[in-house]
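Show me how the following folds:
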Amino acid sequence: MAPNSFEVRDPAFANVLTRLRDRSLRPAAVRAVVGELTSILAKDAVTATAPGEKIAVIIILRSGLAMMDSFVASLPEETDMVIYHLGLFRERQSLQPIEYYNKLPHKDPRIKHAYVLDPLVATGGTAGASISILKDWGIDQITFLCLIASKIGLETAANVWPESTRFVVGTVDPELDDKGYVKPGVGDIGDRLFGTALS
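The predicted model follows:
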(Lines give C-alpha, C1' and ligand atoms only; values in the text may rest on other atoms or scores of the structure.)
Protein backbone atom coordinates (compact mmCIF):
# COMPACT_ATOMS: atom_id res chain seq x y z
CA MET A 1 0.00 0.00 0.00
CA ALA A 2 1.03 3.58 -0.61
CA PRO A 3 2.50 5.28 2.48
CA ASN A 4 -0.45 7.71 2.62
CA SER A 5 -2.96 4.84 2.84
CA PHE A 6 -4.21 3.26 6.05
CA GLU A 7 -6.24 0.06 6.24
CA VAL A 8 -8.51 -0.19 9.28
CA ARG A 9 -7.67 -3.17 11.50
CA ASP A 10 -10.74 -3.12 13.73
CA PRO A 11 -12.15 -6.69 13.62
CA ALA A 12 -15.65 -5.21 13.89
CA PHE A 13 -15.23 -3.79 10.39
CA ALA A 14 -14.51 -7.18 8.84
CA ASN A 15 -17.51 -8.71 10.59
CA VAL A 16 -19.91 -6.05 9.32
CA LEU A 17 -18.37 -6.07 5.83
CA THR A 18 -19.32 -9.75 5.51
CA ARG A 19 -22.95 -8.63 5.61
CA LEU A 20 -22.39 -6.01 2.90
CA ARG A 21 -20.95 -8.66 0.57
CA ASP A 22 -24.29 -10.48 0.71
CA ARG A 23 -25.87 -9.41 -2.60
CA SER A 24 -29.34 -10.43 -1.41
CA LEU A 25 -29.57 -7.53 1.08
CA ARG A 26 -32.42 -5.09 0.47
CA PRO A 27 -31.48 -1.42 -0.15
CA ALA A 28 -32.52 -0.29 3.35
CA ALA A 29 -30.24 -2.92 4.88
CA VAL A 30 -27.39 -1.95 2.53
CA ARG A 31 -27.72 1.69 3.64
CA ALA A 32 -27.74 0.66 7.31
CA VAL A 33 -24.62 -1.48 6.91
CA VAL A 34 -22.78 1.27 5.00
CA GLY A 35 -23.62 3.66 7.83
CA GLU A 36 -22.31 1.21 10.41
CA LEU A 37 -19.08 0.68 8.49
CA THR A 38 -18.62 4.44 8.09
CA SER A 39 -18.83 4.92 11.86
CA ILE A 40 -16.01 2.42 12.30
CA LEU A 41 -13.86 4.11 9.65
CA ALA A 42 -14.43 7.52 11.18
CA LYS A 43 -12.74 6.45 14.42
CA ASP A 44 -9.43 6.24 12.52
CA ALA A 45 -10.09 9.07 10.09
CA VAL A 46 -11.17 12.04 12.19
CA THR A 47 -8.36 14.22 13.49
CA ALA A 48 -8.34 17.23 15.78
CA THR A 49 -9.26 20.57 14.24
CA ALA A 50 -7.20 23.66 15.04
CA PRO A 51 -8.97 26.54 16.83
CA GLY A 52 -10.84 28.71 14.35
CA GLU A 53 -10.58 26.13 11.59
CA LYS A 54 -13.56 24.93 9.58
CA ILE A 55 -13.65 21.58 7.80
CA ALA A 56 -15.34 20.59 4.56
CA VAL A 57 -17.14 17.26 4.22
CA ILE A 58 -17.30 16.33 0.53
CA ILE A 59 -19.93 13.82 -0.52
CA ILE A 60 -19.27 12.03 -3.81
CA LEU A 61 -22.67 11.56 -5.43
CA ARG A 62 -24.50 9.37 -5.29
CA SER A 63 -23.05 6.60 -3.16
CA GLY A 64 -21.32 8.90 -0.69
CA LEU A 65 -24.73 10.05 0.53
CA ALA A 66 -25.08 6.80 2.45
CA MET A 67 -21.94 7.62 4.46
CA MET A 68 -22.85 11.21 5.32
CA ASP A 69 -25.04 10.93 8.41
CA SER A 70 -22.81 8.40 10.18
CA PHE A 71 -19.67 10.35 9.43
CA VAL A 72 -21.09 13.69 10.57
CA ALA A 73 -22.39 12.05 13.75
CA SER A 74 -18.83 10.87 14.47
CA LEU A 75 -17.43 14.41 14.51
CA PRO A 76 -17.00 16.21 17.84
CA GLU A 77 -20.03 18.37 18.63
CA GLU A 78 -18.02 21.58 18.50
CA THR A 79 -16.74 20.93 14.96
CA ASP A 80 -17.32 23.84 12.60
CA MET A 81 -18.07 22.24 9.24
CA VAL A 82 -19.79 22.60 5.92
CA ILE A 83 -21.04 19.84 3.60
CA TYR A 84 -20.56 20.02 -0.17
CA HIS A 85 -21.41 17.57 -2.95
CA LEU A 86 -19.44 16.56 -6.04
CA GLY A 87 -21.13 14.65 -8.83
CA LEU A 88 -18.74 12.25 -10.57
CA PHE A 89 -19.51 9.06 -12.44
CA ARG A 90 -17.49 6.54 -14.39
CA GLU A 91 -18.25 6.33 -18.10
CA ARG A 92 -19.08 2.68 -18.77
CA GLN A 93 -16.95 2.16 -21.88
CA SER A 94 -13.82 4.18 -21.16
CA LEU A 95 -14.09 3.87 -17.34
CA GLN A 96 -12.97 7.51 -17.18
CA PRO A 97 -14.49 9.88 -14.60
CA ILE A 98 -17.07 12.41 -15.77
CA GLU A 99 -17.86 15.45 -13.62
CA TYR A 100 -21.53 16.43 -13.75
CA TYR A 101 -22.10 18.44 -10.56
CA ASN A 102 -19.78 20.89 -8.83
CA LYS A 103 -21.14 23.85 -6.86
CA LEU A 104 -18.07 24.50 -4.73
CA PRO A 105 -18.18 28.20 -3.83
CA HIS A 106 -15.25 30.54 -3.31
CA LYS A 107 -13.34 28.73 -0.57
CA ASP A 108 -13.58 30.04 2.97
CA PRO A 109 -9.94 30.67 4.06
CA ARG A 110 -10.71 28.90 7.36
CA ILE A 111 -11.21 25.63 5.44
CA LYS A 112 -7.89 23.80 5.25
CA HIS A 113 -8.97 20.17 5.54
CA ALA A 114 -11.57 18.20 3.58
CA TYR A 115 -12.98 14.76 4.30
CA VAL A 116 -14.13 12.97 1.14
CA LEU A 117 -16.73 10.20 1.42
CA ASP A 118 -17.11 7.53 -1.26
CA PRO A 119 -17.81 3.87 -0.42
CA LEU A 120 -15.73 2.26 -3.19
CA VAL A 121 -12.51 3.01 -5.03
CA ALA A 122 -12.37 0.77 -8.09
CA THR A 123 -10.10 2.06 -10.88
CA GLY A 124 -9.16 5.12 -8.81
CA GLY A 125 -10.28 7.51 -11.54
CA THR A 126 -13.19 9.10 -9.69
CA ALA A 127 -11.23 9.36 -6.44
CA GLY A 128 -8.31 10.91 -8.27
CA ALA A 129 -10.57 13.39 -10.05
CA SER A 130 -12.14 14.50 -6.76
CA ILE A 131 -8.69 15.05 -5.27
CA SER A 132 -7.62 17.16 -8.25
CA ILE A 133 -10.80 19.26 -7.98
CA LEU A 134 -10.20 19.93 -4.28
CA LYS A 135 -6.52 20.68 -4.81
CA ASP A 136 -7.46 23.27 -7.43
CA TRP A 137 -10.08 24.65 -5.01
CA GLY A 138 -7.28 25.41 -2.57
CA ILE A 139 -7.56 22.68 0.07
CA ASP A 140 -4.38 21.99 2.05
CA GLN A 141 -5.17 18.46 3.25
CA ILE A 142 -7.58 15.70 2.23
CA THR A 143 -8.69 12.63 4.17
CA PHE A 144 -10.45 10.19 1.85
CA LEU A 145 -12.71 7.56 3.43
CA CYS A 146 -13.76 4.46 1.51
CA LEU A 147 -15.11 1.12 2.64
CA ILE A 148 -13.46 -0.99 -0.05
CA ALA A 149 -10.72 -0.26 -2.57
CA SER A 150 -9.08 -2.37 -5.22
CA LYS A 151 -5.33 -2.63 -4.87
CA ILE A 152 -4.65 -0.89 -8.18
CA GLY A 153 -7.35 1.73 -7.69
CA LEU A 154 -6.04 2.70 -4.26
CA GLU A 155 -2.50 2.96 -5.56
CA THR A 156 -3.65 5.11 -8.48
CA ALA A 157 -5.69 7.51 -6.36
CA ALA A 158 -3.18 7.71 -3.53
CA ASN A 159 -0.49 8.86 -5.96
CA VAL A 160 -2.46 11.82 -7.32
CA TRP A 161 -1.40 14.15 -4.48
CA PRO A 162 0.47 11.94 -2.01
CA GLU A 163 1.98 14.68 0.12
CA SER A 164 -1.41 16.10 1.14
CA THR A 165 -3.82 13.18 0.95
CA ARG A 166 -4.53 10.38 3.43
CA PHE A 167 -6.70 7.38 2.53
CA VAL A 168 -8.53 5.56 5.31
CA VAL A 169 -9.77 2.28 3.83
CA GLY A 170 -11.84 -0.48 5.36
CA THR A 171 -10.37 -3.26 3.25
CA VAL A 172 -8.38 -3.71 0.05
CA ASP A 173 -9.66 -6.26 -2.46
CA PRO A 174 -7.09 -7.75 -4.86
CA GLU A 175 -8.37 -6.93 -8.33
CA LEU A 176 -10.94 -5.57 -10.78
CA ASP A 177 -13.20 -7.55 -13.09
CA ASP A 178 -13.47 -6.88 -16.83
CA LYS A 179 -16.12 -4.19 -16.21
CA GLY A 180 -13.92 -2.30 -13.79
CA TYR A 181 -15.74 -3.40 -10.62
CA VAL A 182 -13.83 -4.29 -7.46
CA LYS A 183 -13.46 -8.07 -7.14
CA PRO A 184 -14.82 -9.69 -5.04
CA GLY A 185 -16.22 -6.33 -3.94
CA VAL A 186 -19.90 -5.75 -3.31
CA GLY A 187 -21.24 -5.14 -6.81
CA ASP A 188 -22.56 -1.75 -7.95
CA ILE A 189 -22.90 -0.07 -4.57
CA GLY A 190 -24.97 2.81 -5.95
CA ASP A 191 -27.57 0.49 -7.41
CA ARG A 192 -27.62 -1.58 -4.24
CA LEU A 193 -28.03 1.47 -2.00
CA PHE A 194 -30.91 2.94 -3.94
CA GLY A 195 -32.56 -0.11 -5.50
CA THR A 196 -31.92 1.02 -9.08
CA ALA A 197 -30.29 -2.09 -10.53
CA LEU A 198 -33.27 -2.91 -12.73
CA SER A 199 -34.50 0.62 -13.41
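
what about the closest residue to D173 other than its chain neighbours, how many neighbours?
In this structure, D173 finds its nearest non-sequential neighbour in V182, 4.9 Å apart by C-beta to C-beta, 6 or more residues apart in numbering. To be clear about C-beta, it is placed using only N, CA and C from the backbone, and glycine gets the same treatment. Close neighbours of V182, defined as other C-beta atoms under 10 Å, add up to 25.

Kindly report the same for L25.
16.

that older thread, I figured the residue nearest to D173 hits V172, correct?
No. Counting by C-beta atoms under 8 Å, V182 does not reach V172; the two are 9.3 Å apart.

got any residues that touch both of those two?
Residues touching both V182 and V172 by C-beta atoms under 8 Å, 6 or more residues apart in numbering: I148, A149, S150.

Longest helix in the protein, please.
helix 27-45 (DSSP state H).

Tell me which residues are up against it.
Under C-beta under 8 Å, 6+ apart, the answer for helix 27-45 is 6, 8, 10, 12-13, 16-17, 19-20, 25, 66-67, 69-71, 73-75, 115, 117, 119, 143, 145, 147, 168, 170, 189, 192-195.

Now, those residues that are in strands?
F6, Y115, L117, T143, L145, L147, V168, G170 (DSSP state E).

want to try a markdown table for those, with distance to I83 and pLDDT as columns?
Below are the ones in strands among the contacts of helix 27-45 laid out as a markdown table (distance: C-beta to C-beta, whole Å; pLDDT from 0 to 100):
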| residue | distance to I83 | pLDDT |
| --- | --- | --- |
| F6 | 23 | 96 |
| Y115 | 10 | 98 |
| L117 | 10 | 98 |
| T143 | 15 | 98 |
| L145 | 14 | 98 |
| L147 | 19 | 97 |
| V168 | 18 | 98 |
| G170 | 22 | 96 |
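
nearest to D80, of those residues?
Proximity of these to D80 (C-beta to C-beta) peaks at Y115, which lies at 13.3 Å.

Quick check: that closest one touching C146?
No. Applying C-beta under 8 Å as the test, Y115 and C146 come out as separate, 11.5 Å apart.

re the thing from before, bridged to the residue nearest to D173, which residues?
L176 (DSSP bridges).
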